[in-house]
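> Provide a 3D model corresponding to the input given below.
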Amino acid sequence: MITEQAAEIWDRDLDHLFTTIGHHFGRVEPRRRMRDYVRARLAPVARKNSWQLAEHAGHFTPDGLQHLLSRARWNPDDIRDDLRGRSPGARVRDPRRTRGGRPCRKPPDRHRWRR
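Down below sits the predicted model:
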């Protein structure tokens, strides 16, 4: 059972998290939607689909959350770097995105037909 004190600590920590990553969103609406989305994902919702998460967040439809996840402009890599305590310009090298030490423009095609 979660105590009231533990819930207050979680709430304060989540507010700090959203303050830390808020500058990555150009407008206030995506910031609020991200906050609502994360809180709904952490909530005891039976099914974690868009409708259930939107209802838990108090939205009438899942359109706003779906817009956040599919069309809104934000860079998850920059948010990850901020949360890891790195400077925004520092990136973690992804070995799948290089070929022979050079960055590749197109990922390798693994589903080529073999004859």
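> for this protein, which segments count as helices?
4-21, 28-42, 50-57, 63-70, 76-83 (DSSP state H).
> just the buried positions in the fourth one, please.
Of all the residues in helix 63-70, those buried under the rule 16 or more other Cβ atoms under 10 Å are 64-65, 68. The C-beta positions use only the backbone N, C-alpha and C, and glycine is treated the same way.
> identify, from these, the entry nearest to Ala6.
Within the buried residues of helix 63-70, distances to Ala6 taken as Cβ to Cβ reach their minimum at Leu65, with 26.6 Å.
> the closest one: what's it in contact with?
Shown in contact with Leu65 (Cβ atoms under 8 Å, 6 or more residues apart in numbering): 33, 36-37, 50, 53-54, 57, 59.
> tabulate the helices of the chain in a markdown table, adding columns for mean pLDDT.
Below are the helices of the chain laid out as a markdown table (pLDDT from 0 to 100):
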| stretch | mean pLDDT |
| --- | --- |
| helix 4-21 | 85 |
| helix 28-42 | 89 |
| helix 50-57 | 91 |
| helix 63-70 | 90 |
| helix 76-83 | 85 |
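> rewinding a little: same list (the contacts of Leu65) but as JSON lines, adding neighbour count.
JSON lines is the format used below for those (neighbours: other Cβ atoms under 10 Å):
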{"residue": "Arg33", "neighbour count": "22"}
{"residue": "Asp36", "neighbour count": "19"}
{"residue": "Tyr37", "neighbour count": "21"}
{"residue": "Ser50", "neighbour count": "17"}
{"residue": "Leu53", "neighbour count": "22"}
{"residue": "Ala54", "neighbour count": "21"}
{"residue": "Ala57", "neighbour count": "21"}
{"residue": "His59", "neighbour count": "18"}
